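1. The sequence and its predicted three-dimensional model are supplied below.
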Amino acid sequence: MASTFGKGCHLHLIDGSAYIFRAFHALPPLTRKSDGLPIGAVSGFCNMLHRYVEGNTGPDAPTHVAVIFDKGSHTFRNDMYDLYKANREAMPEDLRPQIPLTRRATEAFNIACKEIEGFEADDIMATLACRAREAGGRVTILSSDKDLMQLVGDGVEMLDPMKNKRIDREGVMEKFGVGPERVVDVQALAGDSVDNVPGAPGIGIKTAALLINEFGSLEELLDRAEEIKQPKRRQTLIEKREQIELSKKLVQLDEGMDLPFTLDDLEVRDPVPENLLGFLSEMEFRTLTKRIADGLGVEAPVMPDTTPEGANPRSEDPDWPAIDPDRYETVGDLAALQVWIDRANERGTVAFDTETTGLNEMTCDLVGISLCIDPGSACYIPLIHRAESGEGLFGSDELAEGQIPLEQALAALKPLLEDPAVMKIGQNMKYDAKVMARYGVQIAPIDDTMLMSYAMNSGLHNHGMDALAERYLSHTPIPIKEIIGSGKSQITFDLVPIDKATRYAAEDADVTLRLARVFKPQLHVARVTRVYEGLERPLVPVLAQMEMTGIKVDRDVLNSMSNAFAQKMVQLEEEIHELAGEKFNVGSPAQLGEILFDKMSLEGGKRGKNGKYSTGADILEDLATEHELPRRVLDWRQLSKLKSTYTDALQEHINPDTGRVHTSYVQTGANTGRLASTDPNLQNIPVRSEEGRRIRTAFIAPEGHVLVSLDYSQIELRILAQMAEIDALKQAFREGQDIHAMTASEMFNVPLDEMTPDIRRQAKAINFGVIYGISGFGLARNLRIPRAEAQGFIDRYFERFPGIRAYMDATVEFAKEHKRVETLFGRQIHTPEIAAKGPRAGFAKRAAINAPIQGTAADIIRRAMIRMPDAIKGLPAKMLLQVHDELLFEVEEGAVDDLIGVARGIMENACDPVLKLDVPLVVDAGQGANWAEAH
DNA sequence: TGATTCACG
DNA sequence: GACGTACGTGAATCAG
């Protein structure tokens, strides 16, 4: 019955977004059984569509129908008024992933599904309604949105699907006090707080209708505003004329859109049973599937009862084009760049990646930028690639042709990269943000696929892009080695020919965008949205700032220490050689082992995996009681370590421009949620030995400043007391007792006032052991006592604190059941090894016991760090370093006490308001001219 | 590249 | 009954 839309035809226009929101709010938060995907709105939506289709019988049935959706958050109305709909609450997290599914649902019902980027559904409906009316047909708009009432009349009606109430001219009169053709005038005056349409202040619908009816139209009213009797109203209308006229433009629907389809495309079609039932069963809507199958007289598809936890998450979308580096665009002029910027603005999200001359964000140069808007739609913007020179391998000093001047490109990109309405997606965005910051661009807001993966998959695999692409997109990105080579012949990225660079760089952006599309909806399913949005993403700018600030290091102090160490080492080396009776490489454990255990035939020679003697510190320590040589080797090793790892290496890390050392924190470095510090690692600067601690005197505050260190006291033990609910421990912490002494007193029945340092030391070792998943062997080795004795300690400990045993057992049970453990803040650490057999099971068990404790402590200091910049904004202070339970600040001399007060408050209350601990968190503070004094 | 050693929390 | 063991990191070094 294909025919042209005309007289006798009846078009139904369904307001899809209204359906979705109604369905979402009307239903409890249902989730799909097999994987926990939130599905409530889709379910409600399908039921509404089904009911709608069922009800379409009789003479009033539509001949044409379409569900119309909004698309994109940025519309032409935002161009007129940037605050349009600015009051809108963000879409609920659980609803977001359901939006695309409602499109699929519509298609499954074989109903036309229409949306147009940059337009609201209302405009599309307005255009369609007008065309249908002109063609002589009838139109029913299924919506209760009052904005659509301007369309009513001449064969166009509205139908409130919930109240099943028809709205015609009279209905509109009732609502607005004017006919449909004057609705926009009333709305322009009355404004709309929901859509943030300003209107005329102090004038509501009633007054507006009165005025419009009196003057006939808005334009007439504004032109003759002087005639209004009430002085206040008159003044408002005269003063706010522009605002009112803008409001009218905002509420006026666009009835003349260009549409990429015709009314005839909307003809009513019967659903294709397998498509519809296929979709419904995929969503696992049992009741609806059965009902519809029965109605169609076909067999309902079988659905799995449950799917085991840890089932493969959905990866790439089959609709996406294949990743094809040949299809990426090289952007060589500003006009082409503007097209991409416009597209990114329209879309509201863009994947972003930088290419640089090196891996050090503080010193490298920006070479180019890649963007990706949709899967497969990516570009590379080369900026400072060098021209290929005829002669040598190395490019010339000249810039290659076809590149936008750096300044101009950045000026064009800056508004986009800083636009709060456009989400910039990256893989390890901290890197790109730091690079861009050096070029004056503060990129925000950001999403980070690496952090999404970390939040969901910590403990399962690494979160580098290549690994993620492989795993979740079944794609192997072009290896960087293929582009810049490796080893000696490695070149910097600015020497890569532009066409080659485009293939690599744009692919990275493409991959990143696809990963984000896969990961983002899964965050909810995995229940780590709060971890990602509350603990991971907001930390990025904080870390970036700390890294860029760096800490001042006194090169002279390090240098003179290096020299002193070198001298002593030479001396020790000579003595060692003399004692050994021959020259050998003291730094070679293999050679040392042979000297000790073969040549000198000392006791205790244990061979490791590759048949070599083990010469670790504990073994040498044992030998040192009887012999000179191992003692000297230990001393030599200590100096060697200090010199090579610290006094020498640190000097090389002093940035010549800033005179400071800039570490890099790896947010995904530790499975537990801890940070890792690299290049250099500033989280393992010596402190335990007197000799080593001197290295900290090289970390200094500049003139007029002081270093302040704040560290959590016993945070992991406090968390253990909380998580395992050990009343005695909690009580002790509340009373501010010496926790190790208290433990010792409990265990060994020694009154506190008779406590000896040695007994306390043993109890301390046990307390730490508990956190690590204690074993008799481990404690025995640590305390250098017989294993049986150590086991006795542990038994007594568990006897005194039975809750600890229960907690450990429960944690291991949880890990076995879920293959993961969790922190108090919901961070998940996957423990796949927990199922292993053999010795690995022991490791996995202890890791599972430790992870929630270490991880919760990590969460707490992260929360403090995220809040810190705002808290200390008014103080002349900077946060410099984090060392797991310590934060180091640099502050002007006069503000030390203020800083300690503020920062301590933030740290001690970092759990608020999410969590209320029964145990107080206590923060100790220290200050001084250098880190040794401050700690 | 992997193993060993040792610095930190 | 044996297995082997404290938890989490990064860097330097040797040796293949």
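-> Arrived safely.

2. Find the closest residue to DNA strand C in chain A.
-> A:Gly769 (2.1 Å; Cβ to the nearest atom of the strand). Every C-beta, even on glycine, is put in place using the N, C-alpha and C of the backbone.

3. wait, what's in contact with that residue?
-> Taking Cβ atoms under 8 Å, 6 or more residues apart in numbering, we find A:Gly769 in contact with A:Ser775, A:Gly778, A:Leu779, A:Asn782, A:Ile794.

4. pLDDT added to the residues you listed, as TSV?
-> Formatted as TSV, these follow (pLDDT from 0 to 100):
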residue	pLDDT
A:Ser775	90
A:Gly778	92
A:Leu779	94
A:Asn782	91
A:Ile794	94
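
5. What segments of the stretch 451-600 of chain A are strands?
-> A:551-553 (DSSP state E, counting those that start in this stretch).

6. Return the set of buried residues in the top helix by length along chain A.
-> Ordering each helix of chain A by length in residues (DSSP state H) puts helix A:839-871 first. Residues of helix A:839-871 classed as buried: A:844-868, A:871 (neighbour count, 16 or more other Cβ atoms under 10 Å).

7. go on, stretch A:374-390?
-> Under 16+ other Cβ under 10 Å, the buried positions of stretch A:374-390 are A:374-388.

8. Narrow those residues to those in strands?
-> A:Asp374, A:Ser377, A:Ala378, A:Cys379, A:Tyr380, A:Ile381, A:Pro382 (DSSP state E).

9. What is the nearest of the residues you listed to DNA strand B?
-> Nearest to DNA strand B among these, with distances taken as Cβ to the nearest atom of the strand, is A:Tyr380, at 28.1 Å.

10. so who does the closest one touch?
-> Taking Cβ under 8 Å, 6+ apart as the test, what A:Tyr380 contacts is A:328-331, A:355, A:368-370, A:498, A:501-502, A:505-506.

11. same check, this time on A:Ala871
-> A:Ala871 neighbours (Cβ under 8 Å, 6+ apart): A:Val902, A:Ala903, A:Gly905, A:Ile906.

12. so what's it scoring on pLDDT?
-> We have a pLDDT of 96 for A:Ala871.

13. And A:Leu393, by the same measure?
-> 56.

14. How many neighbouring residues does A:Asp809 have?
-> Close neighbours of A:Asp809, defined as other Cβ atoms under 10 Å, add up to 11.

15. so which strand or helix has it?
-> Per DSSP states H and E, A:Asp809 falls inside helix A:802-818.

16. residues in contact with that helix?
-> With Cβ under 8 Å, 6+ apart as the criterion, helix A:802-818 contacts A:309, A:720, A:723-727, A:770, A:773, A:797-798, A:821-822, A:831, A:834-835, A:844-845, A:848-849, A:852.

17. Tell me the first helix or strand C-terminal of it.
-> Next element after helix A:802-818 (DSSP H and E): strand A:820-822.

18. Could you list which residues are in contact with the residue of chain A positioned farthest from its centre?
-> Of all residues in chain A, A:Gly581 has its C-alpha farthest from the mean position, at 59.8 Å, by Cα atoms, centre = their mean. For A:Gly581, the contacting residues are A:Lys599, by Cβ under 8 Å, 6+ apart.

19. picking that back up, could you measure from the residue of chain A closest to DNA strand C over to DNA strand B?
-> 12 Å (Cβ to the nearest atom of the strand, to the nearest Å).

20. Then A:Glu813?
-> Taken as Cβ to the nearest atom of the strand, the span from A:Glu813 to DNA strand B is 24 Å.

21. Near that residue, how many other residues are there?
-> Neighbours of A:Glu813 (other Cβ under 10 Å): 11.

22. what pLDDT does it get?
-> At A:Glu813, pLDDT is 95.

23. so A:Gln267 makes contact with A:Ala66?
-> You called it Gln, but residue A:267 is Glu. No - with contact defined as Cβ atoms under 8 Å, A:Glu267 and A:Ala66 do not form a contacting pair (9.9 Å).

24. neighbour count winner among these two?
-> A:Ala66 (25 against 18).

25. Next, give phi and psi for the nearest residue to the more buried one once chain neighbours are set aside.
-> With Cβ to Cβ, 6 or more residues apart in numbering as the criterion, A:Ala66 has its nearest non-adjacent residue at 4.1 Å, and that residue is A:Ala112. Backbone geometry at A:Ala112, expressed as degrees, to the nearest 10, gives phi -60, psi 140.

26. Just say helix, strand or coil for A:Thr57.
-> Three-state call for A:Thr57 (DSSP: H, G, I helix; E, B strand; the rest coil): coil.

27. Now the phi/psi pair for it, please.
-> According to degrees, to the nearest 10, A:Thr57 has phi -130, psi 170.

28. Same check on A:Pro757?
-> Dihedral angles (degrees, to the nearest 10) for A:Pro757: phi -60, psi -30.

29. and A:Asp618, what does it touch?
-> Taking Cβ under 8 Å, 6+ apart as the test, what A:Asp618 contacts is A:Arg781.

30. where's A:Val251 relative to A:Arg169, distance?
-> Between A:Val251 and A:Arg169 the computed distance is 19 Å (Cβ to Cβ, to the nearest Å).

31. More neighbours: the two, which one.
-> Taking neighbours as other Cβ under 10 Å, A:Val251 and A:Arg169 compare with A:Val251 leading, 23 against 16.

32. so the more buried one sits right up against A:Gln187, yeah?
-> Yes - between A:Val251 and A:Gln187 there is a contact under Cβ under 8 Å: 4.2 Å.

33. Overlap of the contact sets of those two?
-> Common neighbours of A:Val251 and A:Gln187 (Cβ under 8 Å, 6+ apart) are A:Asp147, A:Gln150, A:Val197.

34. and the residue of chain A closest to DNA strand C, how far is that from A:Ala763?
-> 10 Å.

35. Which residue ranges of the stretch 701-850 of chain A form strands?
-> Counting by DSSP E, counting those that start in this stretch, the stretch 701-850 of chain A has strands at residues A:705-712, A:820-822, A:828-830.

36. tell me the pLDDT at A:Met742?
-> Confidence score, pLDDT, at A:Met742: 95.

37. Leaving out sequence neighbours, find the closest residue to it.
-> A:Ala732 (4.7 Å).
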